[in-house]
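[1] give me a model of this one.
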Amino acid sequence: MAELKIKRAYEPPASEDGTRILVDRLWPRGKTKASLKLHSWAKAIAPSNQLRNTFNHMAEKYDQFVDAYRAELNANPAASAFIDEIKQALKTGNVTLVYGAKDEVHNQAQVLKAWLEQKLKPK
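    Model (predicted):
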């Protein structure tokens, strides 16, 4: 069964990643297009610049960031198309959300993955 995964942009791509989608608003420093082996860049689904700057990857602000980013996702006009893209990609294999943050626990990819899993649950 296909899985929704997350992975740092600085980890090497692997065949089990399946469809790789960059979920950052900014391109990961020092990475080339070829080295990331992305299928797409979901810039429109990433946290807004204001939210990103407010959070600034500070673990003590993470809970506030989670609430604010989920609210942004729920109001984002690009969200339903993104959910459909993920649904379609999962039919053919794994989907990996690629992010650049150093903190592997407190980052937008964790929030986005949890949000997507909730949206993809059968009703």
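[2] for residue 117, phi and psi?
    Here is the backbone geometry of residue 117 (degrees, to the nearest 10): phi -60, psi -40.
[3] verify the contact between it and residue 4 for me.
    Yes - using CB atoms under 8 Å, residue 117 is in contact with residue 4, at 6.3 Å. (C-beta placed from N, C-alpha, C; glycine too.)
[4] these two: who's more crowded?
    With neighbours defined as other CB atoms under 10 Å, residue 117 and residue 4 compare such that residue 4 has more, 18 against 11.
[5] so what sits opposite the nearest residue to that one once chain neighbours are set aside in the bridge?
    Nearest non-adjacent residue to residue 4, counting by CB to CB, 6 or more residues apart in numbering: residue 95, 5.3 Å away. For residue 95, the beta-bridge partners under DSSP bridges are residue 4, residue 19.
[6] for residue 95, what are its contacts?
    2-5, 18-19, 21, 86, 89 (CB atoms under 8 Å, 6 or more residues apart in numbering).
[7] go again using 6 Å as the cut-off
    For residue 95, the contact set (CB atoms under 6 Å, 6 or more residues apart in numbering) comprises 4, 18-19, 86, 89.
[8] where's it relative to residue 36, distance?
    15 Å (CB to CB, to the nearest Å).
[9] quick one: the helices in this protein?
    Remark: helices assigned in the chain by DSSP state H are 33-36, 49-55, 62-75, 79-90, 108-120.
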